[in-house]
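Trainee: any chance you can model this:
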Amino acid sequence: MRLTPEARRSQLVDVGASLFASKPYDEVAMEEVASRAGISRALLYRHFSSKRDLFAAVHQRATDQLLTEIGDLGDGTLAEQVAVALDTHFDYFQANRNLVLAANRVLATDPVVRAVITGGFAALQRRLLAAAGVDGPLAAAAVLAWLEFVRVMCVEWLAHQSFDRVQLRALCVRALLGALDLE
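Mentor: All right, here's what the predicted structure looks like:
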């Protein structure tokens, strides 16, 4: 079946998302992506010049979906709003463990993948500052540092399973409230 370029690209991102979620990055082969999509490798490479480019598109879409899912942080205390947003992220991270680990370990220094992470952080930073009712350079830096803290803690949680998500969520919420001096 002939698809428009946009539909084909979306299909390839779907296939890539499935494979990157189910396997470590190094075990995903572009040949398998093409095969699962029912196309030639040549057509796949017309849409994505490398596995890294496909991964970056998958990661960008996942980041956009997560940002949409958490929307605004809703009502409730800041701690309650953040707990809900963290649970949404944790659900995604658990379901897509290999993708998250690849983005934050294997490809963490890749400029395209890092730009996806940085862009997601900027959007979350704006939302958190607004929800907390704080502003200024110190608060902005504190929120950015907290987002990096959460990222590192989530990678440790996924990689080692040495603490549970309830402990992780509680620690992350306390760390944000402490960083913004809102406890």
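Trainee: next up, the contacts around the residue nearest to the spatial centre of the chain.
Mentor: Nearest residue to the geometric centre of the chain (CA atoms, centre = their mean): residue 63, 4.7 Å. By CB atoms under 8 Å, 6 or more residues apart in numbering, the contact set of residue 63 is 116, 117, 119, 120. For the C-beta atoms, the positions are set from N, CA and C on the backbone; glycine is no exception.
Trainee: if we go to 6 Å?
Mentor: Going by CB atoms under 6 Å, 6 or more residues apart in numbering, residue 63 touches 116, 120.
Trainee: three-state assignment of it?
Mentor: Per DSSP: H, G, I helix; E, B strand; the rest coil, the local secondary structure of residue 63 is helix.
Trainee: would you mind measuring from it to residue 36?
Mentor: Residue 63 sits at a distance of 23 Å from residue 36 (criterion: CB to CB, to the nearest Å).
Trainee: on that earlier part again, ok, so what distance separates the residue nearest to the centre of the chain from residue 76?
Mentor: Taking CB to CB, one finds residue 63 at 24 Å from residue 76.
Trainee: and for residue 38?
Mentor: 46 Å.
Trainee: go on, residue 94?
Mentor: Taking CB to CB, one finds residue 94 at 24 Å from residue 76.
Trainee: got it, and residue 46?
Mentor: From residue 46 over to residue 76 the distance is 48 Å, taken as CB to CB.
Trainee: same question, residue 121
Mentor: Separation of residue 121 from residue 76 (CB to CB) stands at 23 Å.
Trainee: between those two, who's got more neighbours?
Mentor: A direct count of neighbours by other CB atoms under 10 Å for residue 121 and residue 76 places residue 121 higher, at 18 against 12.
Trainee: gap between the closest residue to that one other than its chain neighbours and residue 129?
Mentor: In space, and not counting its chain neighbours, residue 121 is closest to residue 147: 4.8 Å by CB to CB, 6 or more residues apart in numbering. From residue 147 across to residue 129, the span is 11 Å (CB to CB).
Trainee: what number of residues lie near residue 17?
Mentor: Neighbours around residue 17, by other CB under 10 Å: 20.
Trainee: thought it was touching residue 60?
Mentor: No: with contact defined as CB atoms under 6 Å, residue 17 does not count as touching residue 60 (10.9 Å).
Trainee: model confidence score at residue 161, please.
Mentor: According to the prediction, residue 161 has pLDDT 92.
Trainee: can you report phi and psi for it?
Mentor: When read as degrees, to the nearest 10, the backbone of residue 161 gives phi 50, psi 40.
Trainee: so how far is residue 120 from it?
Mentor: 24 Å.
Trainee: more neighbours, the two?
Mentor: A direct count of neighbours by other CB under 10 Å for residue 161 and residue 120 places residue 120 higher, at 19 against 9.
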